[in-house]
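In: attaching a predicted model along with its sequence, questions to come.
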Amino acid sequence: MILAILQARFSSSRFRGKVLKPILGVPMLALQIERIKRAKLIDYLLVATSKDVTDDAIENLCININVGCYRGNLEDVLDRFYQAAKLYSPEHIVRLTGDCPLADPELIDEVIKFYLTGDFDYASNALEPTYPDGLDVEICRFKCLEQAWKEAKLPSQREHVTPFINQQPHLFHIGVYKNNTNLSHLRWTVDEQLDFNLIANIYEALYRNNPKFTTQDILDFLEVNSYLKDFNTCYQRNEGLQKSLLVDELFLNKIGED
């Protein structure tokens, strides 16, 4: 079984409530789920949110659109992921995040095929980025997730789920999936208001005529509307992870002092 887990929470530190902000009258998270559901190799999609009262609205959304929802630890996302996955006993876990409303179902399938064909423990198109920020896909074996859950100690490893795996190529067989063209300069994730404004522009231009618009459709739209290409590229890629790595340093220093 290939289980996709989409992590989402209301209380984002940089852009609170972003996953539920409406685009064309529909919560952003619902539009992302609509796209993910078109991936053919995912057996089941589950939203993993927290038990915090602020995430009641996410659970209600999942009920309304008939998507599974698991609620767990707010801060320890690795624990939330593991506990959610354990309920379904999958062999493989696809990790997706709720700040990527332009998720590409064809790309998700491509990364899954690459992972299965290469017999990897973990594979991703984000380790050496060649796709726009916001099209990230990760997949790993459940047994590797379980090992990470048991052994990961650093704050970044608990918050971001997969660093314990993808930072240890001596322990895990890791696959790096790359695009033929480097599009990593494009930013299609949502962490700031400016990001959301770009995504809203794209949906408003493309969705009404074709709800199944593709990555190529987006690229074509940006070619015509070139001012939008760099609309939000002032923000750093993986800024949240970089902040967590700084917390790791404080954590390790404290251990050293003790």
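Out: Here it is on my side, so go on.

In: ranges for the strands of the chain?
Out: 2-7, 22-23, 26-27, 44-50, 68-72, 92-97, 122-124, 138-141, 174-176 (DSSP state E).

In: adding mean neighbour count, mean pLDDT and distance to residue 15 as columns, could you present those strands in a markdown table?
Out: No exception for glycine: its C-beta is placed from N, CA and C like everyone else's. Written out in a markdown table, the entries for the strands of the chain read as follows (neighbours: other C-beta atoms under 10 Å; pLDDT from 0 to 100; distance: least, C-beta to C-beta, whole Å):
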| stretch | mean neighbour count | mean pLDDT | distance to residue 15 |
| --- | --- | --- | --- |
| strand 2-7 | 22 | 98 | 15 |
| strand 22-23 | 14 | 98 | 14 |
| strand 26-27 | 16 | 98 | 14 |
| strand 44-50 | 22 | 98 | 16 |
| strand 68-72 | 18 | 97 | 21 |
| strand 92-97 | 24 | 98 | 13 |
| strand 122-124 | 24 | 98 | 24 |
| strand 138-141 | 23 | 98 | 22 |
| strand 174-176 | 18 | 98 | 29 |
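
In: for this protein, which spans come out with low pLDDT?
Out: Screening the chain residue by residue with the criterion pLDDT under 70, one finds the ranges 236-258.

In: can you pull up the most central residue in it?
Out: Nearest to the mean C-alpha position of the chain, counting by C-alpha atoms, centre = their mean, stands residue 97 at 2.4 Å.

In: wait, that residue touches residue 8, no?
Out: Yes: using C-beta atoms under 8 Å, residue 97 and residue 8 qualify as a contacting pair, with a distance of 7.5 Å.
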